[in-house]
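Colleague: Below are the sequence and a predicted model; questions follow.
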Amino acid sequence: MAQWVEGCKERNIPSDEDFNLPNIMGDPVVIRNWNIAGLPNDQTSSENGILTMKAERYALCIDPQQQANKWLKNMYKDNKDSTL
């Protein structure tokens with residue numbers, strides 16, 4: 001993280017010393033709904049959720065505890081066109 005912030009400074013890109021992806025790209029209401037749907041309530045899970053939902057391609061979820069599987073199924077359970 002420190003290298004990222006330093007690289008931003010070198011390129012005159014506005015950045016904060018205390019970078020936090022959920023504060024920048026996340027919506028607290030959306031993240032809370034993800035938590036209700038089964039996404040664990042921790043920093044790493046929120047960051048992964050943001051990257052999963054904002055990516056232009058399908059995310060590859062390495063999910064030995066089946067947390068992402070449960071979360072995604074709950075998110076799309078009302079979607080009749082879903083293949084999850």
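Modeller: Looks like it arrived, so ask away.
Colleague: Poorly predicted segments of the protein, please.
Modeller: 80-84 (pLDDT under 70).
Colleague: What segments of it are helices?
Modeller: 2-10, 21-25, 28-36, 43-54, 67-75 (DSSP state H).
Colleague: any idea how far the longest one is from the chain center?
Modeller: For helix 43-54, the gap between its own C-alpha mean and the chain's C-alpha mean amounts to 1 Å (C-alpha atoms, centre = their mean, to the nearest Å).
Colleague: Also the first one?
Modeller: When distances are taken as C-alpha atoms, centre = their mean, helix 2-10 is centred 22 Å away from the chain's centroid.
Colleague: List the neighbours of it that are in contact with it.
Modeller: Pro14, Ser15, Asp16, Glu17, Phe19 (C-beta atoms under 8 Å, 6 or more residues apart in numbering). C-beta: built from backbone N, CA, C; applies to glycine.
Colleague: List the contacts of the fourth one.
Modeller: Going by C-beta under 8 Å, 6+ apart, Glu17 touches Val5.
Colleague: What distance do you get for Leu72 to Phe19?
Modeller: Distance, Leu72 to Phe19, using C-beta to C-beta, to the nearest Å: 27 Å.
Colleague: so how far is Gln3 from the spatially most distant residue from the centre of the chain?
Modeller: Ranked by distance from the centre of the chain (C-alpha atoms, centre = their mean), the top residue is Glu10, with 27.1 Å. Separation of Glu10 from Gln3 (C-beta to C-beta): 10 Å.
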